[in-house]
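Chemist: Sequence first, then the predicted structure, then my questions.
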Amino acid sequence: MSKNVSEALVATMKAHGIRHVFGVPAAQMGHVMKGASQDPDFVYMTTRHEEAAGHMAHAVAKTTGVMAACFGTVGPGAMNLVPGVAAAWADNVPMLVLTPNNQSYNVDPSKGLLQSVDHCGVYAPITKWSVPIRDTVSAPEIFDQAIRVAKSGRPGPVHLDLPCDIGGAACAFDPSAISQTAAPRPAPSPSEMARVVEMLAAAKRPVLVAGGGVARSGATTAFRRLLDLTGVAATTSLNGSGAVPMDYAGHVGSGGILGGDAVVKVFAEADLILAIGCKISSWMPLNKPPLYGSPKGQKLIQVDLSERAMGRNMKADIAIVADAREFLDRLCEALADIALAADAEWTREIVAAHTAYRGVVDGVADAVFTDGTETLNEAAVARSIAALLPDDAIVAVDGGQTMEWAHTFFHPKTPEHLVFNPGMGHLGMGLPAAIGAKCAHPDRPVFCLTGDGAFGCTVQELETAARYGLKIIVFVFNDSHWGMYRPLAEGVLSNNPSVFGTKLGDVDFAMVARGFGCEGESVTTLEEIPAVYERACASERPFVVDVRVDFTVHPIDEFWVGHVLEGANIVPPSMASQ
């Protein structure tokens, strides 16, 4: 079949199930844009900034399990796209990244022409494969292979760089040559399973951990079956949030350190940790002395698709390279008639600690205002909003201090109900992620919970939402600060926030929203939130709720200075004597 190279690319994307394409117009990629925009099987959207295109593709993959594509033009466009790709790379999200380039004979070797950049050199560190397309013969095969690479093993972005003269050239394209095989799901060996069962059966204080790999594998149901079989303590990473039901009797908190004190306690006391699809990231208060130590004799069983993840952040006593669902199905079968030695009283003790922690955060919310003010605290606002959200809601979480309180009170029904970027912690992801999720789920309610600093990073995408009629609801926790850094200025370094740079201007985001073609309202009391929520749900346009709040200390804040900033010699007065 005769097609040009760009047409072959679009056909390959379609054959692999890619249905969402986001980007900023690129003349050198005109053939790809034409193919995707004119084919009704694609959802094709242009954004106000390339970074947002990457975050939208990220959200599609996170909420559907199907990868999406994003693109930006030569040079500046490709550079603008980088943050959106890096965020996906950090969270192991599959994504097809497309950049056009100048004519192939002007690229190799580079002649330094307008917008010339070594695209592949830039993208290589943040993709699984960054490949230049330099001839028409190999192009179709590379397209097919790249998409398979993105979805195999620990998934991630792949990048194709397509010079404009190659993209428009004719090629021989055989659709039947496109691989239709599913990504392999490696399974554990019988001997590995025997060792796991032996260790789990003998453990007195075991804890189960669901990481992002459980969600990516579609293994949430299998993980919950393991919970029912064992009844032991369980928690999740941030990307695994939602895998453990809130009403599970052994739930000790989810989302790593954001799960609270009981998560710290369970890792400090457990004799066996079974971590499935979890790389033991910075967010996990585990084996991170001096703040988060591990008891002598504690064992780790780590199950992951990537051999490179094994033992990277903690020595694994058993390391199994396997798909989460394959592993869990076999483990549940093997445990069917096995009695466990787990100490039920210890599990109840950890759960009680979690209940006490929930009392602490509810106490902050009950106070309504921050000390000495009549300005809403972030806990009260987050709890009020979370109580209104329907069970099928998809929520994109963004911001610094806002993020902490949002995770504290919003509990996703499954991991697919939450979009967050724990790997990169990328401010500004929330709004485009909500847009991407709404594209993929037009009949589902989609919300964004964000801070004013984070919202300002990508606020222009409100126009994108309005232009495409995407009815999302955004709650902006507006304290007119880079909130998470405010105590750094005021309390740690004894500096004036205005001089230090953490104080921001007072922005009326409701007015900004209206300027972009959306609806917007500002609220200053808790009593206003339910009514404005109803109006937002009834609106036919994107809706922004600007909620005026004050910075609110979170119980886990010592995590930042005690672990993330370890060695930086930045210690708040409250920790100086510790």
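Modeler: Arrived safely. Please read these numbers as outputs of a predicted model, since none were measured by experiment.
Chemist: Which residue ranges make up each domain of the protein?
Modeler: Here the domain assignment for the chain is 2-177, 190-352, 368-575, based on automatic domain parsing.
Chemist: can I get those domains in TSV with distance to residue 183 and mean pLDDT?
Modeler: Heads up, the C-betas are built off the backbone N, CA and C, glycines and all. Shown next, in TSV, are the domains of the chain (distance: least, Cβ to Cβ, whole Å; pLDDT from 0 to 100):
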stretch	distance to residue 183	mean pLDDT
domain 2-177	5	94
domain 190-352	9	95
domain 368-575	18	92
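Chemist: Turn these into JSON lines, columns for mean neighbour count and distance to residue 362.
Modeler: Formatted as JSON lines, the domains of the chain follow (neighbours: other Cβ atoms under 10 Å; distance: least, Cβ to Cβ, whole Å):
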{"stretch": "domain 2-177", "mean neighbour count": "21", "distance to residue 362": "29"}
{"stretch": "domain 190-352", "mean neighbour count": "21", "distance to residue 362": "12"}
{"stretch": "domain 368-575", "mean neighbour count": "20", "distance to residue 362": "7"}
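Chemist: could you dump the ones you listed to a markdown table with distance to residue 361?
Modeler: Listed next are these as a markdown table, based on distance: least, Cβ to Cβ, whole Å:
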| stretch | distance to residue 361 |
| --- | --- |
| domain 2-177 | 26 |
| domain 190-352 | 7 |
| domain 368-575 | 5 |
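Chemist: if we compare the ones you listed, which one ends up closest to residue 184?
Modeler: domain 2-177 (6.8 Å; Cβ to Cβ).
Chemist: From start to finish, how long is that closest one in a straight line?
Modeler: 14 Å (Cα to Cα, to the nearest Å).
Chemist: Then stretch 248-259?
Modeler: 15 Å.
Chemist: any residues touching that stretch, and which ones?
Modeler: 207, 224, 227, 231-238, 240-245, 260, 262-266, 281, 283-285, 347, 350-351, 353-354, 357, 404, 407-408, 411, 422, 556, 559 (Cβ atoms under 8 Å, 6 or more residues apart in numbering).
Chemist: Show me how far that stretch is from its chain's centre.
Modeler: Here stretch 248-259 is found 18 Å from its chain centre; the criterion is Cα atoms, centre = their mean, to the nearest Å.
Chemist: Same check on stretch 241-261?
Modeler: So, by Cα atoms, centre = their mean, the centroid of stretch 241-261 is 17 Å from its chain's centroid.
Chemist: Then stretch 309-326?
Modeler: The answer for stretch 309-326 is 21 Å, by Cα atoms, centre = their mean.
Chemist: And for it, what's in contact with it?
Modeler: 154, 185-188, 192, 195-196, 199, 213-214, 216-219, 222-223, 276-277, 279-281, 284, 286-287, 294, 299-307, 327.
Chemist: ok, residue 62 touching residue 412?
Modeler: No - counting by Cβ atoms under 8 Å, residue 62 does not reach residue 412; the two are 11.1 Å apart.
Chemist: which residues of the stretch 101-250 of the chain fall in strands?
Modeler: For the stretch 101-250 of the chain, the strands defined by DSSP state E, counting those that start in this stretch cover 129-132, 157-163, 170-172, 206-210, 233-236.
Chemist: hang on, residue 473 packs against residue 445?
Modeler: Yes - with contacts counted by Cβ under 8 Å, residue 473 reaches residue 445, the gap being 7.5 Å.
Chemist: which residues are in contact with both of these two?
Modeler: By Cβ under 8 Å, 6+ apart, the residues touching both residue 473 and residue 445 are residue 537.
Chemist: can you pull out the helices in the stretch 151-300 of the chain?
Modeler: All helices of the stretch 151-300 of the chain, identified by DSSP state H, counting those that start in this stretch, fall at 164-167, 190-202, 212-216, 220-230, 261-269.
Chemist: Thanks a lot, see you next time.
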